[in-house]
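> Here is a sequence together with a model predicted from it:
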Amino acid sequence: MNEYPDFIITTDRSMMSNHHGREFLGFIATGPPLFLPEPIWRFICCPKPKVDRFGRPVEAPYGLRKIEAALLDAGFKVAIVDPDYVDRYLRRVKAVMIGHHDFFAYGPPSSEWWLITGRVPENRRLFTEFMKRLSSHKRRYGFRIIVGGPAAWQWLWEEDKVDRWEVDTVVDGEAEVVVKELAEKVVRGEPLPRYIYVGVDKVPKLSEIPVIKGASVNGLVEVMRGCPRGCSFCSVTLRPLRYLPLDHIEKEIQVNVSHGLRGGVFHSEDVLLYGANGIIPRTEPLLKLHDLATKYLRSLAWAHVSLASLVVAQREGRIVGKLTELIYSKLDQDFIGVEVGIETGSPRLAEKIMPGKSAPFPPSKYPEIVEEAFAIMHEHRIIPAATFILNFPGETPEDVVKTVELLEKLRQYRSIIVPMIFVPMGRLKGEREVIARVKIRREHVDAMSVALEHSLTWAERIMREFYLKGWEQAPVRLLLKYFVRMVRWRVAKVLKSLENFTEKELVIPKL
Ligand code: SF4
C-alpha cells in the first residue's frame, strides 16, 4: 500500500467472502446453523477470502467497490480491508465505512428463518460480533463510523445500536455522491449528520457512477440500476432507471479479469431489460452486452430477470434462445443461474400490489406467465432460485391457495423455490412489528411445504448435474447433501406434528 488510508471500508464475514464462487451459498448465512456446528456452517456460507499482506481482499462486495472507487476518484486515501485485519488500522484511520445487505437480519429470507426456527441468523451474529469489537476500539481511538447499503433502513428499527456502538452516520440510498461530502466533513473534523436519506435528487447520474478499481465478488458487474415495474413492496423501484454504457461495463469486466477472475455476474433487477424499449426486451443491446462477456469471461450468471421479460423476450425474437446459445457455445458452461421473483400466484393480489410485474400482460394472466417463463428456463437450462411472498398486506387465504396451485404446476421445472415472509420495504415501508410478529395460517404452511418439497427434490439433482460438479467443490457438495437429507427428515416430522394446525403467531424477540 503506497499511502496509509484515512478511510477503510469493510463489512462482516457474511459479506466479505466469495462464498466458494457460488453466490447462492452466501444465502446460507441468512439462517442460523442447523444440523451442523457453527464453524462448519460459516465455512459453507462464508469462507475467508484471499487477502494481500495488508489485509485487502482480492474480491470485495461490489457495493463496497463502488464506494471505494467514488472516494479514490475524488482523491481520498481509502482501502477495503477484510474484517479480520481491520484492527491494525484503527489507531490511525479517520473513519470506518461499513456496508451490508442485511445488518440485523430483518431482510428476506433472514427474518423468515428467524421466525420459523426461533434462532438468531448467522449474518446477525457475525455483524453483532464485528460491531462490538469495532466500537470498543472506537472509544479508544475516536475514528468515525459510517454505515450504509441496501439494509440501511434496518438501523431505524435498532436505533439503540446507533448509540451503543457509537455509529456517527447512517446513509440510506445510493451513496456514491453523498459519501464524498461525508468524507470531506470527516477530514475537516466537522460534525456528521446522524441519518441521510438519498432522495431522487441526490442519486448519482450515469456520469457519476464510477468504474470499480478492484475485483468484485465473483466478478459481479452492474449493467443497469432501477426497475420500471413499480411493485409497491420494492425499494428498487423508487430509484430512477439507468443503463450503464457498454464501455463502462467492459472496463469493470477488465478490472475483474486483471485480478484473475474469469467468471462474471451481470447485475440488474432485470437483465433482459438492458437497453429495452420500455418493458419490451430488444435483441441488439442484449447480444452486444453478452458479446462483451464472451470476449473476456469463461462463465456468466445473471443476477435477476423478471418472468414477464423472459416470456416477451422469447415470444418476440427468440431472444432467450439466442442468448443461451451464445453463452453455451462461447463460454465453459452448460447452464446459467438467476434469481427470479414469483411473489404470488393470485391474480387479485398481483393486481393490487404489483400491477406492473406481469406487464405487458395483464395481472389476470400472471400465473400463466409464470408457468410459461419456468418452461422457457427449463428448456434453456436457466436455473432459477425463485422466491414467493407470504403475508402481504391484504392477503386472503384464497390468495395463498392460488399460490399453492401455481407451485404445484411448477413441480416439473428445474428450480429452487423459496418462500419469504413479507418485509415492509418500498412504498410499504413500515414498523418492525410487521415482521417481528407474524400470524401463520394453515394455507401458509401448505405453501411452504410444497415449496420445500420442490426445492429439496430439485436441489440434489441440480447439485449433482450442474452446480458443484467439480472435485474441488466435493466437501461443500457433501455437506450440503447431508444438510438436505437432514432437512427432509426434520420437515417430515414437523409436518406430521402440524396435521391439525390452523393458526399460530410467530415472534422475533427484541434483542
Ligand atoms: S419487478 Fe422486481 S425489482 Fe422491479 S419493482 Fe418489482 S420486485 Fe422490484
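Sure, I can see it.

> and the residue in the stretch 351-500 of the chain that the ligand sits nearest to, which of the three is it?
As assessed by Cβ to the nearest ligand atom, the ligand sits closest to residue 357 within the stretch 351-500 of the chain, at 5.3 Å. From N, CA and C alone the C-beta is placed, and that goes for glycine too. The three-state label given to residue 357 by DSSP: H, G, I helix; E, B strand; the rest coil is coil.

> give the contact list for the residue nearest to residue 171 when sequence neighbours are not counted.
Using Cβ to Cβ, 6 or more residues apart in numbering and skipping residues adjacent in sequence, the residue nearest residue 171 is residue 148, 3.5 Å away. Contact analysis of residue 148 by Cβ atoms under 8 Å, 6 or more residues apart in numbering lists 67, 97, 98, 99, 170, 171, 172, 175, 179.

> ok so, going back, am I right that the residue of the stretch 351-500 of the chain closest to the ligand is in contact with residue 231?
Yes. Using Cβ atoms under 8 Å, residue 357 is in contact with residue 231, at 5.7 Å.

> any shared contact partners between these two?
By Cβ under 8 Å, 6+ apart, the residues touching both residue 357 and residue 231 are residue 343.

> Count the residues that sit near residue 257.
17 (other Cβ atoms under 10 Å).

> element containing it, please.
Assigned by DSSP states H and E, residue 257 falls within helix 246-258.

> Quick one: name the residues of the chain near the ligand.
227, 229, 230, 231, 234, 236, 237, 269, 306, 341, 354, 357 (Cβ under 6 Å from any ligand atom).

> The first one against residue 236, yeah?
Yes. Counting by Cβ under 8 Å, residue 227 touches residue 236, with 4.9 Å between them.

> Can you read off the pLDDT for the residue of the stretch 351-500 of the chain closest to the ligand?
The pLDDT attached to residue 357 in the predicted structure is 96.

> three-state assignment of the residue positioned nearest the centre of the chain?
Closest to where the C-alpha atoms of the chain average out (Cα atoms, centre = their mean) is residue 101, at 6.8 Å. Three-state assignment for residue 101 (three-state DSSP): coil.

> Could you list the low-pLDDT ranges of the protein?
Along the chain, the parts satisfying pLDDT under 70 run over 2, 425-431, 468.

> residues shared between the contacts of residue 227 and residue 236?
residue 269.

> Settle it for me: which of these two has more neighbours?
Legend: neighbour count by other Cβ under 10 Å for residue 227 and residue 236, higher for residue 227 (22 against 18).

> which SSE is the more buried one in?
Under DSSP H and E, no helix or strand contains residue 227.

> for the stretch 1-150 of the chain, what spans make up the helices?
Taking DSSP state H, counting those that start in this stretch as the criterion, the stretch 1-150 of the chain carries its helices at 38-45, 62-73, 110-117, 122-141.

> would you turn those into CSV with distance to residue 410?
Putting the helices of the stretch 1-150 of the chain into CSV (distance: least, Cβ to Cβ, whole Å) gives the following:
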stretch, distance to residue 410
helix 38-45, 26
helix 62-73, 30
helix 110-117, 20
helix 122-141, 28
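
> Just send the ones you listed back as CSV, with mean neighbour count too.
Output for these, formatted as CSV (neighbours: other Cβ atoms under 10 Å):
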stretch, mean neighbour count
helix 38-45, 17
helix 62-73, 22
helix 110-117, 22
helix 122-141, 18
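
> re the thing from before, top of the residues of the chain next to the ligand by number of neighbours, please.
Within these, residue 306 tops the neighbour count with 27 neighbours, counted by other Cβ under 10 Å.

> ok now do that residue, which residues does it touch?
Counting by Cβ under 8 Å, 6+ apart, residue 306 has contacts 229, 269, 270, 272, 273, 340, 341, 357.

> residues touching the second one, list them.
Looking back up the chat, that one is residue 269. When the contact criterion is Cβ under 8 Å, 6+ apart, the partners of residue 269 are 224, 226, 227, 236, 303, 304, 306.

> in a helix, that's where it is, yeah?
No. Going by three-state DSSP, the assignment for residue 269 is coil, not a helix.

> Torsion angles phi and psi at it?
phi -70, psi -20 (degrees, to the nearest 10).

> hang on, residue 51 packs against residue 59?
No. Counting by Cβ under 8 Å, residue 51 does not reach residue 59; the two are 9.9 Å apart.

> And the two? Which one has more around it.
Just comparing residue 51 and residue 59: by other Cβ under 10 Å the higher neighbour count belongs to residue 59, 25 against 18.

> Test my guess that that one contacts residue 16.
No. Using Cβ under 8 Å as the test, residue 59 is too far from residue 16 to be in contact (9.2 Å).

> what touches both of the two?
residue 49.

> Name the residues of stretch 309-326 that are buried.
The neighbour-count check on stretch 309-326 (16 or more other Cβ atoms under 10 Å) flags 309-314, 317, 319-320, 322-324, 326 as buried.

> again, but for stretch 182-201
182, 183, 185, 186, 192, 196, 198.

> Among those, which one sits closest to the ligand?
Nearest member of the buried residues of stretch 182-201 to the ligand, counting by Cβ to the nearest ligand atom, is residue 198, at 17.7 Å.

> For residue 339, which residues are in contact?
Counting by Cβ under 8 Å, 6+ apart, residue 339 has contacts 303, 304, 384, 385, 386, 387.

> any chance you could read off phi and psi for it?
phi -100, psi 140.

> hey, what's it bridged with?
Per DSSP bridges, the residues bridged to residue 339 are residue 304, residue 385.

> swap in the one 4 residues further on?
Taking DSSP bridges as the rule, residue 343 bridges to residue 388.

> Residue 386 is in contact with that one, correct?
No. With contact defined as Cβ under 8 Å, residue 343 does not count as touching residue 386 (9.6 Å).

> Show me the helices in the stretch 351-500 of the chain, by range?
366-379, 397-410, 433-436, 442-465, 474-497.

> Any buried residues in the first one, and which?
What that stands for is helix 366-379. Buried, per 16+ other Cβ under 10 Å, within helix 366-379: 366, 367, 369, 370, 371, 372, 373, 374, 375, 376, 377, 378.

> farthest-separated two in those residues?
366 and 378 (18.8 Å; Cβ to Cβ).

> Just list the residues touching residue 16, thanks.
The neighbours of residue 16, taking Cβ under 8 Å, 6+ apart as the test, are 10, 46, 49, 57, 60, 61, 82, 83.

> For the ligand, see how far away residue 37 is.
36 Å (Cβ to the nearest ligand atom, to the nearest Å).

> For burial, what's the neighbour tally of that residue?
9.

> Please report how far it lies from residue 44.
Residue 37 sits 11 Å away from residue 44, going by Cβ to Cβ, to the nearest Å.

> returning to that earlier point: would you mind saying which of the helices of the stretch 351-500 of the chain lies nearest residue 106?
helix 433-436 (6.2 Å).

> Distance from the chain centre to that closest one, please.
21 Å (Cα atoms, centre = their mean, to the nearest Å).

> Show me what counts as buried in that helix.
434, 435, 436.

> same check, this time on stretch 19-38
In stretch 19-38, counting by 16+ other Cβ under 10 Å, buried: 19-33, 36.

> then it to PDB, C-alphas only?
The C-alpha coordinates for stretch 19-38 follow below in PDB (Å, rounded to 0.1, in the frame of the first residue of the first chain):
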ATOM      1  CA  HIS A  19     -19.000 -18.000  -1.000                       C
ATOM      2  CA  HIS A  20     -16.800 -20.600  -2.800                       C
ATOM      3  CA  GLY A  21     -17.500 -18.900  -6.100                       C
ATOM      4  CA  ARG A  22     -21.300 -19.600  -5.800                       C
ATOM      5  CA  GLU A  23     -23.400 -16.600  -4.900                       C
ATOM      6  CA  PHE A  24     -26.300 -18.700  -3.700                       C
ATOM      7  CA  LEU A  25     -24.200 -20.300  -0.900                       C
ATOM      8  CA  GLY A  26     -24.000 -16.800   0.600                       C
ATOM      9  CA  PHE A  27     -27.700 -17.100   1.400                       C
ATOM     10  CA  ILE A  28     -26.900 -19.800   3.900                       C
ATOM     11  CA  ALA A  29     -25.700 -17.100   6.200                       C
ATOM     12  CA  THR A  30     -29.200 -15.800   6.400                       C
ATOM     13  CA  GLY A  31     -30.200 -18.800   8.500                       C
ATOM     14  CA  PRO A  32     -28.900 -19.900  11.900                       C
ATOM     15  CA  PRO A  33     -26.700 -23.000  12.000                       C
ATOM     16  CA  LEU A  34     -28.900 -26.100  11.500                       C
ATOM     17  CA  PHE A  35     -27.800 -29.700  12.000                       C
ATOM     18  CA  LEU A  36     -24.100 -28.500  11.700                       C
ATOM     19  CA  PRO A  37     -21.700 -26.900  14.200                       C
ATOM     20  CA  GLU A  38     -21.400 -23.100  13.700                       C
END
